[in-house]
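**Student:** Have a look at this prediction, sequence included:
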Amino acid sequence: MSPTSTRRELLPLSRGDRNENPPGIGLMALLREDLRTHDGDIFEQGFWAVSTHRLGNWRMGIRWKLLRAPFTLMYRCLYKWVEWTCGITLPYTTRLGRRVRIWHHSGMILHARSIGDDVHIRHNTTFGVARRDDNLAIPVIESGVDIGCGVCILGDVVVGHGSVIGANAVVLADVPPGSVAVGIPARVIRRSPGTSTGVE
């Protein structure tokens, strides 16, 4: 079995038919945590994007479509408002961990298979497909990753936990956990001892 098929088997794309907010914490507690993550500033555009994402998932926990309908309308309006006013596209089908910080705003397309806990993302960042003929090949961002300004992470790649991606890097291959990757295309310039080979 190829690495790609194994990864998709372990982490299928979200179908968007259920609440995939982090388990073990309610919506209001999650929103309070997200606000603290954004320095308690309710006017942070990153907080608006994350809270809209949380609402989009929470509503899918309402079983009856008729009862869910007003929340779906609210989510769709807020989603577009965040896109138009903040320049942040974060679909609710992207699995989003806890304490994710979106710094600044504008030019952000965050279409990933998943984004782990304690990830920091800066402006002009793109997560998405590398080629238009494979719309299922989108990245996994593991927990604790720190992403610089202007980064593109494209295709069916995994950015390992605790990695740092330098400003304006273009990541087209896996980045091992605990690595620092920079450049176009991105190359690992430092990695934690004992990690496997990834971007070279």
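**Tutor:** Great, that's in hand.
**Student:** what about the helix ranked longest in the chain, distance to the chain center?
**Tutor:** Taking DSSP state H as the criterion, the chain has its longest helix at helix 65-86. Put simply, helix 65-86 sits 19 Å off its chain's centre (C-alpha atoms, centre = their mean, to the nearest Å).
**Student:** Check which helices and strands it is in contact with.
**Tutor:** Packing partners of helix 65-86 (3 or more C-beta pairs under 8 Å, 6 or more residues apart in numbering; DSSP states H and E): helix 45-58. Bear in mind the C-beta positions are built from the backbone N, C-alpha and C, glycine included.
**Student:** so for the helix it packs on, what's the average pLDDT?
**Tutor:** If you average the pLDDT over helix 45-58, you get 97.
**Student:** any residues touching it, and which ones?
**Tutor:** Applying C-beta atoms under 8 Å, 6 or more residues apart in numbering, the contact partners of helix 45-58 are 19-21, 27, 30-31, 34-35, 37-38, 41, 71, 74-75, 78-79, 82, 85-86, 88, 90-92, 94, 96, 100-105, 108, 121.
**Student:** Now, those residues that are in helices?
**Tutor:** Here DSSP H is the test, and the contacts of helix 45-58 give 27, 30-31, 34-35, 37, 71, 74-75, 78-79, 82, 85-86 as lying in helices.
**Student:** Quick one, which of those residues are buried?
**Tutor:** With burial judged by 16 or more other C-beta atoms under 10 Å, the buried subset of the ones in helices among the contacts of helix 45-58 is 27, 30, 31, 34, 35, 37, 71, 75, 78, 79, 82, 86.
**Student:** Could you give the number of residues near residue 159?
**Tutor:** Per other C-beta atoms under 10 Å, the neighbour tally for residue 159 reads 31.
**Student:** Would you list the phi and psi of it?
**Tutor:** When quoted as degrees, to the nearest 10, the phi and psi of residue 159 stand at phi -100, psi 110.
**Student:** Quick check: it touching residue 169?
**Tutor:** No. Counting by C-beta atoms under 8 Å, residue 159 does not reach residue 169; the two are 10.4 Å apart.
**Student:** residue ranges with poor pLDDT in the chain?
**Tutor:** 1-11, 193-200 (pLDDT under 70).
**Student:** Work out which residue lies at the spatial centre of it.
**Tutor:** Centroid-nearest residue in the chain: residue 115, 3.8 Å away (criterion: C-alpha atoms, centre = their mean).
**Student:** tell me the contacts of the residue lying closest to that one once chain neighbours are set aside?
**Tutor:** Distance criterion C-beta to C-beta, 6 or more residues apart in numbering; nearest residue to residue 115, sequence neighbours excluded, is residue 141 at 4.6 Å. With contact set as C-beta under 8 Å, 6+ apart, residue 141 has these partners: 112, 114, 115, 116, 119, 127, 147, 153, 159.
**Student:** from the residues you listed, which single one is nearest residue 189?
**Tutor:** The closest of those to residue 189 turns out to be residue 159 (C-beta to C-beta; 14.8 Å).
**Student:** measure residue 144 to residue 178 for me?
**Tutor:** With distances taken as C-beta to C-beta, to the nearest Å, residue 144 is found 9 Å from residue 178.
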